[in-house]
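> sequence unknown, structure follows:
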Ligand SMILES: Nc1ncnc2c1ncn2[C@@H]1O[C@H](COP(=O)(O)OP(=O)(O)OP(=O)(O)O)[C@@H](O)[C@H]1O
């Protein structure tokens, strides 16, 4: 099956090591071959339900699956350095790291070089259609706070884009701007700092890319050329590799046929290759925080020409996981002071404490743009919450997947290990499945996403690493196999469907034993998106006194700009934004 064939040589070597098999071939008999044949026995294409006993049994296959699933649980970045760790029969194994010098991804030398993105125009501009609810975006209430906000535009013509940009917008299938574009484009073009919040899938990426590219074009940015130090005019930061790559592809699309050259840098790929790409010329540098800091620290990127700093998924970029990196970034030698650069922040969620923190990075007169309710779920996603107990989840998932057939479905789980378990379980049940999480090698992550995008594997089991920003055509369903621990994460996860006016469905397994702390905020999110709230959930929500970190009178949403004196100052402190899913899962972000 797909997952199995993706197990890398290194992983196989490692498994052989665990099994005391010094031979080089994974398939060389013994336990190894029993595992392989047991997987192969199940190969076929029919979809059926079954009573998989995966993960609970002992015996050879169970042990081996454990070993596979718990491979490389060494963390990345500042929270997880120190060697490869893997658990096997409750033990931990540490392997010395081979420094790869990229300062980001601890572990063996990374040799992976991704295939170049397709060059043909039809691939560059490939897009999906807007959905039946696209025009309803216009009914969403918009609030811009701060002084002297520029007037919104109603059409792309009013955006004053140069000819090549306009042409690229048209080729992308954009006919009219979404609300975040109508308001965001003129704000950015007017040179203002911006904190923007708009629902998932509503076009935030183009809202910042178009005015930046337009400004660079109209200022006659120098065509990029080889130099030992590159001086980009814009830096865009996002929390995950796949998301920053997607943003880069969008930048490349809108800049097509112009002299503006976007480049992407992220962990998990060969550093030498990355540096060579940057040195060829770089106007818009897209990166994950660690790799960006690394490349700046190596003196390959100078900041003297920097005019735009964009934080996508800004609340994530400024929470406790990434805040130190962001502070490092803005204090890098040569980084223009906030008064000298334009700083732009975008997300679908903005906890108030993060808003206050974000203000440190912005000019005091920044504008706050809220499209709809800050932190609200996309109302184009039909949300269902099903009460489950821990042990019935797998069977319920199988039942559910029988109804979705070959429609694309993302299944979110809490940990990397359960991502492997569930994906393998589904493969055994003949559901073509792949998985993405922070312990998979970059090559595997990209293949998984590719197979999911192409429909070869219509089911993608994912951890929080895929919760934010990913824009994948035809994702009709999201399943929260495990509930996330924060409501914001829920909003982002279900936002992988129902994008750009299309409709989607999200089914969440709610286990009262573990998920009660989420109940009240979930009720509010459901009600806010005009969804049916199950009465049992309401009961749990309103009897959930004493649950840790839950303020019964607290607000789920920041109603608006915290500078207006939102609930932040008046109410008892809210639980800190806990990306506990990420924290509990070691390291899912880079
Ligand atoms: N004006 C438009 N007309 C048609 N399609 C658009 C328009 N704006 C954006 N899109 C498309 O809508 C999809 C979603 O856009 P995008 O990924 O920027 O959403 P987002 O708001 O950043 O979502 P998320 O919060 O999940 O990151 C993309 O495929 C994008 O190309």
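Alright, I've got the coordinates. The shown structure was predicted, so the numbers you read here are calculated from the model rather than taken from an experiment. Residues are numbered from 1 along each chain as shown.
> how about residue 285, secondary structure?
strand (DSSP: H, G, I helix; E, B strand; the rest coil).
> quick check: closest non-adjacent residue to residue 227.
Distances taken as C-beta to C-beta, 6 or more residues apart in numbering place residue 279 nearest to residue 227, at 6.6 Å, with adjacent residues excluded. Just so you know, the C-beta spots here come from the backbone N, C-alpha and C atoms, and that holds for glycine as well.
> same thing with residue 237?
residue 311 (5.5 Å).
> now residue 381
In space, residue 381 is closest to residue 498, 3.7 Å off (C-beta to C-beta, 6+ apart).
> near the ligand, which residues of the stretch 301-450 of the chain are found?
residue 348 (C-beta under 6 Å from any ligand atom).
> can I assume the residue nearest to residue 237 sits in a strand?
Yes. According to three-state DSSP, residue 311 belongs to a strand.
> list the residues that contact it.
Shown in contact with residue 311 (C-beta atoms under 8 Å, 6 or more residues apart in numbering): 237, 317, 318, 326, 343, 344, 345, 346, 361.
> so what pairs up with it in the strands?
Taking DSSP bridges as the rule, residue 311 bridges to residue 237, residue 345.
> how close does it sit to the ligand?
Between residue 311 and the ligand the distance is 12 Å, computed by C-beta to the nearest ligand atom, to the nearest Å.
> same check, this time on residue 215
From residue 215 to the ligand the distance is 19 Å (C-beta to the nearest ligand atom).
> checking that residue next. Helix, strand or coil?
Three-state call for residue 215 (three-state DSSP): helix.
> next, the nearest residue to it once chain neighbours are set aside: phi, psi?
Using C-beta to C-beta, 6+ apart and skipping residues adjacent in sequence, the residue nearest residue 215 is residue 189, 6.8 Å away. Main-chain dihedrals, residue 189, degrees, to the nearest 10: phi -60, psi -30.
> report pLDDT for residue 189.
pLDDT recorded at residue 189 is 98.
> relative to residue 375, how far out is it?
27 Å (C-beta to C-beta, to the nearest Å).
> which of those two has more neighbours?
Neighbour count, other C-beta atoms under 10 Å: between residue 189 and residue 375, residue 375 has more, with 27 against 19.
> quick check: residues of the protein near the ligand?
Within the chain, the positions near the ligand by C-beta under 6 Å from any ligand atom are 127, 130, 173-174, 177-178, 181, 198, 200-206, 348, 469, 471, 495, 499-500.
> at which residues are the strands of the stretch 201-350 of the chain located?
234-237, 262-265, 284-287, 308-312, 342-347 (DSSP state E, counting those that start in this stretch).
> and the pLDDT for residue 80?
The predicted local confidence for residue 80 is 30.
> what's the answer for residue 403, then?
Reported pLDDT for residue 403: 92.
> likewise residue 563?
78.
> my read: it touches residue 147, true?
No. Between residue 563 and residue 147 there is no contact under C-beta atoms under 8 Å: 10.8 Å.
> the two: which has the busier surroundings?
Counted by other C-beta under 10 Å, residue 563 and residue 147 do not tie: residue 563 has more neighbours, with 15 against 7.
> so that one sits in a strand?
No. With three-state DSSP as the criterion, residue 563 is assigned helix and is not in a strand.
> gap between it and residue 330?
For residue 563, the distance to residue 330 - C-beta to C-beta - is 21 Å.
> for the residue nearest the centre of the chain, give me its contacts.
By C-alpha atoms, centre = their mean, the mean C-alpha position of the chain lies nearest to residue 468, the distance being 3.1 Å. Counting by C-beta under 8 Å, 6+ apart, residue 468 touches 239, 240, 243, 313, 316, 492.
> can you tell me the SS state at it?
Using three-state DSSP, the structure places residue 468 in coil.
> pull the contacting residues for the residue nearest to residue 227.
226, 227, 228, 230, 300.
> what's the answer for residue 391, then?
Per C-beta under 8 Å, 6+ apart, neighbours of residue 391: none.
> please name the nearest non-neighbouring residue to residue 505.
Distance criterion C-beta to C-beta, 6+ apart; nearest residue to residue 505, sequence neighbours excluded, is residue 382 at 4.7 Å.
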